[in-house]
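Enquirer: From the sequence below, what's the structure:
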Amino acid sequence: MFGTTRGMLVPARKHLFAVTLAVFASVPVAASADPTMVNVRTVPRLEGAVDGRPETFTVNYYVPGTVAATTLATKKLLAADGWVQYVRPFENVRSTLNFKRGPHGLNVSFRQIQPNQSEVNYGADRIYANVPFPDDATDIIFNERRPYLGCTTAASVETSLEFFRKELIAAGWSPLSAADAAARYPGATIDASISNGARAFYSFPKRDGYQQQPIMLTLQRRDDGKTSVDVRIAPFAHPQSLELARETAGLPVPNQTAGFGSEGDSSSNSRKVHGAVQAELPVVLAFFRRELGVRNCKEETRGAVETPDQIVLNFSSPDQTATLRLKPQYDLTIINLTTQVTEAGMAARAKAKKEADAKFFSDAAAMAKEIIAADEVRRVEQAAKMSDAPLRPLADNSKPVPLPENAEEVQFEGAKGRLDFYSPSSVRAVAAFYRGALQAQGWKERPSVINNPRMVVMDFSKGGKAMSFTVMQMGPRSKISADGSALVTADAKMAAKPGAAGDQASSGAAAKATVQVLEVDPETDADAPFPMPKQRGSTVSRGSGKLPGSNVPFRRELEISVPADLASVLAFYRTELGKRGWKESAERAVMQADRVQLAFASPDGPAQLKLGRAKDETTVSLAQKYTDVAAKADVIPKPGQARLVFGNMGGSEAAVTINKQTIKLAAGAGGPQSQKPPMLDLPPGKYTYSVKVAGRPARNDTVEVTADDAWGLIIAPSGEALSLQMY
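Expert: Residues are numbered from 1 along each chain as shown. Predicted coordinates for the structure are as follows:
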């Protein structure tokens, strides 16, 4: 049996009374500071409840029993406390229950924790437009934002009219006269006449800069003796014409949509758009007639249906047909527009695609020939400027093979047996140098099929050792790459053996021998966000964290790869970041052979440098936080905590459940027009979360957040979520 209790409950033992008082004292009281939001800690709870973790506008507790039994008991309990259950339009089946009592809203959800234990969650809902419910109302459909109310009462039309007059006035509404309506909405007329019923109009005063639209109350006696109630935005307050908001799947979508979906794309043979619009049926019909006409679609009389409750129209164009279906439902107009390409249209599209593909490949082949020819001309011109003069060996050379005297950017890795450098001499001159120098030392060359003025490959062997040279023209220079067992130095072999004498000393010497001095790219001067070396890979990734609609970032990051050893890259960044006033910190520093992580204090805020190794390159991740900017945006979490910043880019409300808390996000919340996005502080760690968008299945995913960082969780219209670090 379930009973009724209020406030926080613990097992009934007298010596726990002091603990209960202490817990009450630690609970925030912000919920009661907002008169439009119910203090969820005052909502009655089932007998045997054990409290979970209370938040400002949510509370959860645990009770014995299944979810089914707990749900029924909770409904009965809340009804006895004056809470009236309702469902939103188009949400007849939901796992979350909605209740209203006076000006307050409450959402309740349930979860099975163990076979015989359930979790109950209470969340405060804001009633943006308060409309009273009749005491005996049934079949209640309610939207607390627009507002919309549809229900049934046993009271007469006259009694219901007087009830709403008193309750609406008590809630702040005022009767709207025809003169006031015409003054605010030019051309508006108020028609209170209705067969077998009554109609009245009300307005609400402007508050906090927001003007609530006037409402129309319609009461009508039904054949079964009951009275149907309908409260909605007055028709004259709706837009009297719709504008094109965008094209979806190549089909027109109007503004004032309450949610829209599509199937196919602009090139599909079959396409569909469907959704709801906050406008009267004639206005929506006029929009589609206009937009389809612009798209060369002709309206047909065949199969046309045009009544106050339903519109079905057929359209045709030279290559496709379209069917438009409109119907009013609740206070919206439901749209379903489908198109189908005709067989003749499909054949024409296939032919056009074949011709376009053929032209594309033909043009691409011609362009490739032009590029190759132009490149060959350029190479010939560059080769003509390169010297064919005989080369002399470099003096004081410590490498195991000769080097030409004009060798540039020499890189030698004895442990791997690899040598790379450039020379301004021609491919022919470099090849002649090595053939002459190595043959004089007793090396034998094995013939290669690659031997032309632009590229030469030479393979040499002697005494069981081998090495291969590739000489290739790279712009105005020759690039020389060599590798093989003959290039592996004896010192490198010894250093590679564990336990070899002098292991640390030889390793240090080898590290010094391979450290490369990297030059800063002049394009990244002292005023640029981050320095980058000239010698870097082709992949450069830049990012920034900022609020939607803002151009001021509070976090920047850079990710690049550098074809140099980790020590060289570390030396480069220590030097260049020091020039920018960055101070290295020993706190949480990681120094390993293949991984480095360093914290810095920069003039603008904390920063972090991460280096790693991948594919014989050093990976660089550099992140900079802008503390002052982030503080103004209020995205900095409490010390040791992580902050989630939510955004809902869709046109429908979204609910995110994470860490046993449900955060409701209005359409556009956290977007460019939102003053402040919803936020939540969490301990660092990995969390599973669920996203529910009206009319779409729930989506589950995980997000990992780190201490002292802020992460954005952005909800797309499809219900998919994207997480990214913002600070």
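
Enquirer: partners of the helix or strand containing L644 in the sheet?
Expert: Secondary structure assigned from DSSP states H and E places L644 in strand 642-648. Sheet partners assigned to strand 642-648 using DSSP bridges are listed as strand 679-682 (antiparallel), strand 710-715 (parallel).

Enquirer: Pick the most deeply packed of the ones you listed.
Expert: Between the strands paired with strand 642-648, the one whose residues have the most neighbours on average, counting mean count of other C-beta atoms under 10 Å, is strand 710-715 (a mean of 24). C-beta coordinates here come from the backbone N, C-alpha and C atoms, glycine included.

Enquirer: On the C-terminal side of it, identify the next helix or strand.
Expert: Strand 710-715 is succeeded, C-terminally, by strand 721-725 (DSSP H and E).

Enquirer: buried set for stretch 249-257?
Expert: Under the neighbour-count criterion of 16 or more other C-beta atoms under 10 Å, stretch 249-257 has A249, L251, P252, V253, P254, Q256, T257 buried.

Enquirer: Let me know whether the second one touches T339 as I believe.
Expert: By that I understand L251. Yes - using C-beta atoms under 8 Å as the test, L251 is close enough to T339 to be in contact (6.8 Å).

Enquirer: Need the overlap of contacts for these two.
Expert: Contact criterion C-beta atoms under 8 Å, 6 or more residues apart in numbering; residues shared by L251 and T339: R271.

Enquirer: How many neighbouring residues does E405 have?
Expert: Using other C-beta atoms under 10 Å, E405 is surrounded by 14 other residues.

Enquirer: For it, give me its contacts.
Expert: For E405, the contacting residues are L391, R392, P393, L394, A395, taking C-beta under 8 Å, 6+ apart as the criterion.

Enquirer: Now with 7 Å, please.
Expert: By C-beta atoms under 7 Å, 6 or more residues apart in numbering, the contact set of E405 is L391, R392, P393, L394.

Enquirer: if we can go back for a sec, inside strands: which ones of the buried residues of stretch 249-257?
Expert: Taking DSSP state E as the definition of strands, the buried residues of stretch 249-257 contribute L251, P252, V253, P254, T257.

Enquirer: how near is the third one to Q441?
Expert: By that I understand V253. Between V253 and Q441 the distance, using C-beta to C-beta, to the nearest Å, works out to 77 Å.

Enquirer: do the fourth one as well
Expert: Relative to Q441, P254 is positioned 83 Å away (criterion: C-beta to C-beta).

Enquirer: List the contacts of stretch 695-704.
Expert: Here stretch 695-704 has contacts from 90, 259, 652, 686-692, 711, 713, 718-721, 723, using C-beta under 7 Å, 6+ apart.

Enquirer: Make a ChimeraX selection of the buried ones in those residues.
Expert: Only the buried entries of the contacts of stretch 695-704 go into this ChimeraX selection, using 16+ other C-beta under 10 Å:
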select :90,259,652,687,689,691,692,711,713,719,721,723
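
Enquirer: Looking at the backbone only, give me phi and psi for S568.
Expert: Listed backbone geometry of S568 is phi -70, psi -40, with angles given as degrees, to the nearest 10.

Enquirer: tell me which element the closest residue to H104 other than its chain neighbours falls in.
Expert: In this structure, H104 finds its nearest non-sequential neighbour in V38, 3.9 Å apart by C-beta to C-beta, 6 or more residues apart in numbering. Counting by DSSP H and E, no helix or strand carries V38.

Enquirer: I'd guessed V38 sits against L106; true?
Expert: Yes - in terms of C-beta atoms under 7 Å, V38 counts as a neighbour of L106; the distance is 5.9 Å.

Enquirer: Which one of these two is surrounded by more residues?
Expert: Neighbours were tallied for V38 and for L106 using other C-beta under 10 Å; the higher tally belongs to V38 (27 against 21).

Enquirer: Contacts only, for the more buried one.
Expert: Residues near V38 by C-beta under 7 Å, 6+ apart: H104, L106, A124.

Enquirer: For P134, state which of the residues you listed is nearest.
Expert: When the contacts of V38 are compared for distance to P134 (C-beta to C-beta), H104 wins out at 17.8 Å.

Enquirer: Is that closest one bridged to anything, and to what?
Expert: On the basis of DSSP bridges, H104 is bridged to R101, R126.

Enquirer: switch to numbering from 29
Expert: OK, 29 is where the count begins now, so the last one is H132.

Enquirer: Do you know the pLDDT at it?
Expert: Listed pLDDT for H132 reads 95.

Enquirer: how many other residues sit next to it?
Expert: Neighbouring residues of H132 were enumerated by other C-beta under 10 Å; the total is 20.

Enquirer: What of the one 3 residues further on?
Expert: Close neighbours of N135, defined as other C-beta under 10 Å, add up to 19.

Enquirer: Is R406 within a helix or a strand, and which one?
Expert: Take DSSP H and E as the rule and R406 turns out to sit in helix 371-413.

Enquirer: Please work out the average pLDDT along that helix.
Expert: When the per-residue pLDDT values of helix 371-413 are averaged, the result is 73.

Enquirer: and the following helix or strand past it, which residues are buried?
Expert: Toward the C-terminal end, the helix or strand that comes next after helix 371-413 (DSSP H and E) is strand 436-441. For strand 436-441, the buried set under the neighbour-count rule, 16+ other C-beta under 10 Å, comprises Q439, F440, E441.

Enquirer: mind putting the residues you listed in a markdown table, pLDDT and distance to C325 included?
Expert: As requested, the buried residues of strand 436-441 are exported to a markdown table (pLDDT from 0 to 100; distance: C-beta to C-beta, whole Å):
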| residue | pLDDT | distance to C325 |
| --- | --- | --- |
| Q439 | 92 | 66 |
| F440 | 92 | 72 |
| E441 | 90 | 69 |
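
Enquirer: pLDDT (mean, whole number) over the helix or strand hosting V731?
Expert: Taking DSSP H and E as the criterion, the element that holds V731 is strand 727-733. The pLDDT scores in strand 727-733 average 85.

Enquirer: Give the buried residues for it.
Expert: Of the residues in strand 727-733, those scored as buried under the neighbour-count criterion (16+ other C-beta under 10 Å) are R727, V731, V733.
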